[in-house]
Every structure is written in structure tokens, then in C-alpha cells.
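J.: kindly return the folded structure for what I paste below:
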Amino acid sequence: MEFLPELLETLMIVSFGISWPVNLAKAIKSRSTKGKSILFDFFILFGYICGILSKAMTHTYNLAFWFYFPNLIMVTADIVLYYRNRALERRCPQQ
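T.: Below is the predicted model of the structure:
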């Protein structure tokens, strides 16, 4: 049962990872920041960075460790899309 905490962490990271592509697709399609919280994205980004650093400091390169990276990339992409969409909204305020 000592693998259970590792498995649960991996499932948590994978669950979060499944939701990011849906969120990114919505941001691309909507071209809007309505309903988005950039602060939320930055807190999530910070959390993933802390998770990666924690694993690196303890040399715990388990399965969960590797799933942090795609999530980190997707959150970063969501942040980039937020700023793109905000620029689009400023150019075309009628949306």
C-alpha cells in the first residue's frame, strides 16, 4: 500500500490535466476573458512549480512528477491566451 499516495497524486495531476485542453479550446474559440481569472491561473502555475521543485528536491521522480510538466505547459498556454484575448477585446470592445 506504500504506492497508494503516489498513485493518488498521479490521479490528481492527470485529472487536472484532462480539464486543461477543454479550457484551452474554450479560450481559443471564445476569444474572450469573460469568466476567466488570471489570478487563478497564476496560483495554479505557482502550485505546479512548487510540486516540481518539491519532487526535484527529494529526488522523487515518480509518475506524478512527469505529469506536472504537461500541466505546467497548458496553464502557461492558458495565461498566454488570456492576454491574447484581452488584447482582442481591447481592439474590438463590442464583444
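
J.: so, low pLDDT: which residues of the protein?
T.: 94-95 (pLDDT under 70).

J.: which helix runs longest in it?
T.: helix 63-91 (DSSP state H).

J.: return the distance of the residue nearest to the spatial centre of the chain relative to residue 27.
T.: Nearest to the mean C-alpha position of the chain, by Cα atoms, centre = their mean, lies residue 75 at 3.0 Å. As judged by Cβ to Cβ, to the nearest Å, residue 75 and residue 27 stand 12 Å apart. Placement of C-beta: from N, CA and C, glycine included.

J.: swap in residue 66?
T.: 25 Å.

J.: so the two - more neighbours on which side?
T.: Legend: neighbour count by other Cβ atoms under 10 Å for residue 66 and residue 27, higher for residue 27 (19 against 13).

J.: picking that back up, do you know how far the closest residue to the residue nearest to the centre of the chain other than its chain neighbours is from residue 71?
T.: In space, and not counting its chain neighbours, residue 75 is closest to residue 45: 4.8 Å by Cβ to Cβ, 6 or more residues apart in numbering. Plainly put, residue 45 is 9 Å away from residue 71 if you go by Cβ to Cβ.

J.: which of those two has more neighbours?
T.: For residue 45 versus residue 71, the count of surrounding residues by other Cβ under 10 Å is larger for residue 71: 22 against 16.
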